[in-house]
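> got a sequence here, can you model it:
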Amino acid sequence: MKEVVCGFKLFEELSKMLNKVIIVAGNGFSGLINEHTSSPSIIEAIQDIYTPLSINGKTVEKLSHLKKVIHESNDGKAIKEIEDSNTSKITQVTNLNGIVLYNYLQQKGFSPIVVNDFEEDYTLLVNTLKEELLAIVISTTFMPFKEHLTFIANAIRQMTKTVPVIVGGPMVHMSFSIFQDHRAYADREILKKLYLFFEPDKDIDYYIFDRYGLKTLDLLLSKLIQKQDVANVPNLGVTVDNAICFTQHRPEIPDIADEFINWNKVPDALLRDSVSLRGSFGCPFKCKFCNFFFFSPQMMIKPRDMLMKELDQLSSRRSVKHISFVDDNMLLNHKEVETFCQDFIDNGYPFTWSSFIRPDSINKNSIKLLADSGANLLTFGVESGDNVILSNMNKKENLDHTLAIINGLGESNISTSTTLLVGFPGESSETVGNTIDFLNQYKSSGTALHWFSPFIFMMLPKVRIEEEKEKFGLEGFILNWKHQTMDSLEAAKQLKRLMLEVTDVFYPYSNEHLFADQILSVSPLDAIKVVKLTSEHVKNQIHYKEDNHSQWLKKNKFIIQRISELLA
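Now for the predicted structure:
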């Protein structure tokens, strides 16, 4: 009996030593456009559109660099840049996928360490890899294609040859489904370059291919601690002798209790000024351009008391100044909006908040509640300003109501962001013109700005429009497609037209706009002026590249002078 007890204690101590897990949550911005998804002409057109601000040959991708570059441009002398740590703290969002994994694994007795962003937190990763580790877990939530994952896996493998590398998340789940169904796709060679499982990757040991995967991860890590065979762990792809072997697929049943995050146990180092939070996941709508339903086919909503408990905990963390709700659709009707806002007001939460939301969830009466509750940025999936295109998309959008709500929010000092999709089947120069006309009716005042994020339609796997290819004459894959009224290259040209012709709605060339006044150390009103000027500067750059006319350089010289005055 004594030997058994001693043996148990020894195993317990050994488990404590070997239960440390690194979680890599993101790798910066992972774009969908690359040589495998697009033709060179489309890539060139896209690069023209998304040209960052350039001053005297120096690229300014962040507002936090603007003051320094402007000063150097004026007198050739550099000023002290905002400290990198402070800039990162202000502008880098806490990735929720890393926090969810941290919270779950900690509850299960593991010791997780979160690398929020591979690039931003590279030093943390390198230092942690020097310790005794059980495993490295890479989430693919922000990695749409395999090139984004394999880059990180290879970099990690260069630093450690023995620690198991586990990958999971949406891209792994999508890859598994595509691998099973790949014979249904004409572009199989492209699939091999974009998705996993078509060939083994020596840098990755385990793939969790389930839609959810938390329970599978727990079971796998427990087997690794005990050095047991993983053959009876379901939902795994295992790299063995230059091949990938799959265990039984046993779909996990999601548990809403796993969605509760105990923010009291999240270390200060993981919290930024802006923290992501989720009140629900899944989407009940059936837009034909979207494949989100594939990842979350059922709508799950956190009980109100659970969400409020998380907000209560976050309100005691002084570093948190903003909550970014990442729900696909936050607050689905007027009553939910009003109840949620009133809770925010009654509890006196010390942070602002932002979210995706539907225009038909808001009426004129709830706009004041939204403003009083601290909402400062609401994102709408408008997608098009043309009713025919909206019908083709299966979006039941009342554009008159949408415009009234967006303008009402703008007049109440709540900024908005509009997502747009250019090139969906039925799109033409005329329908894009209708979208431009729609956006040019946006109005705002005070400290509010209207933003827009335009994208080109992509023929991704699992989108619902697949079922109507013949109806629209739709052919192709990802960003090499054509249909009866447009092809992807023309869509890129129309996207450029949209960005140049929309006047008072701005493309967020830097993701720091919510904190612009803090970063630039100016008043909120002056920060808005700077953002508008930088947007105009970028447009002039595009014009100059097109026609080489000196008027655009003269205009930008005046803009730089005006920005200098505001930042002085």
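> where does the stretch 1-150 of the chain dip in pLDDT?
For the stretch 1-150 of the chain, the stretches with pLDDT under 70 are 1-17, 28-30, 73-92.
> how is this protein divided into domains?
The chain breaks down by automatic domain parsing into domains covering 2-26+95-246, 273-506+514-567.
> for the helix or strand hosting residue 222, packing partners?
Assigned by DSSP states H and E, residue 222 belongs to helix 214-225. Other helices and strands packing on helix 214-225, by 3 or more Cβ pairs under 8 Å, 6 or more residues apart in numbering; DSSP states H and E, are helix 96-107, strand 135-139, strand 165-168, strand 206-208. Placement of C-beta: from N, CA and C, glycine included.
> let's see that with 10 Å instead.
helix 2-17, strand 20-24, helix 96-107, strand 135-139, strand 165-168, strand 206-208, strand 236-240 (3 or more Cβ pairs under 10 Å, 6 or more residues apart in numbering; DSSP states H and E).
> any buried residues in the third one, and which?
Spelled out, that is helix 96-107. By neighbour count on 16 or more other Cβ atoms under 10 Å, the buried set for helix 96-107 is 96, 97, 98, 99, 100, 101, 102, 103, 104, 105.
> in stretch 505-519, what's buried?
Residues of stretch 505-519 classed as buried by neighbour count (16+ other Cβ under 10 Å): 505-507, 509-510, 512-519.
> how about these in a markdown table, adding secondary structure?
Below are the buried residues of stretch 505-519 laid out as a markdown table (DSSP: H, G, I helix; E, B strand; the rest coil):
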| residue | secondary structure |
| --- | --- |
| 505 | coil |
| 506 | strand |
| 507 | coil |
| 509 | coil |
| 510 | coil |
| 512 | coil |
| 513 | helix |
| 514 | helix |
| 515 | helix |
| 516 | helix |
| 517 | helix |
| 518 | helix |
| 519 | helix |
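> pull the most distant pair out of those residues.
Farthest apart among these by Cβ to Cβ are 505 and 518. That separation is 23.2 Å.
> tell me who's in contact with the residue nearest to residue 250 when sequence neighbours are not counted.
Excluding the flanking residues, the one nearest residue 250 by Cβ to Cβ, 6 or more residues apart in numbering is residue 234, at 3.8 Å. Applying Cβ atoms under 10 Å, 6 or more residues apart in numbering, we find residue 234 in contact with 208-210, 215-216, 219-220, 246-252.
> related to what we said a few turns ago, the buried residues of stretch 505-519 into CSV, with extra columns for distance to residue 462 and pLDDT?
Below are the buried residues of stretch 505-519 laid out as CSV (distance: Cβ to Cβ, whole Å; pLDDT from 0 to 100):
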residue, distance to residue 462, pLDDT
505, 31, 92
506, 32, 90
507, 28, 85
509, 31, 73
510, 32, 71
512, 33, 75
513, 32, 77
514, 32, 77
515, 36, 80
516, 37, 85
517, 41, 86
518, 40, 83
519, 39, 84
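> show me where pLDDT drops low in this protein?
For the chain (pLDDT under 70), the answer is 1-17, 28-30, 73-92, 511.
> how far away is the residue nearest the centre of it from residue 532?
The centroid of the chain falls nearest to residue 142 when counting by Cα atoms, centre = their mean (6.3 Å). For residue 142, the distance to residue 532 equals 29 Å [Cβ to Cβ, to the nearest Å].
> before we move on, what about residue 267?
Separation of residue 267 from residue 532 (Cβ to Cβ): 38 Å.
> and the longest helix seen in the chain, what does it pack onto?
Across the chain, the helix with the greatest residue count (assigned by DSSP state H) is helix 524-547. Under the contact criterion of 3+ Cβ pairs under 10 Å, 6+ apart, helix 524-547 touches helix 40-49, strand 53-55, strand 58-60, helix 63-75, helix 488-501, helix 516-520, helix 550-567.
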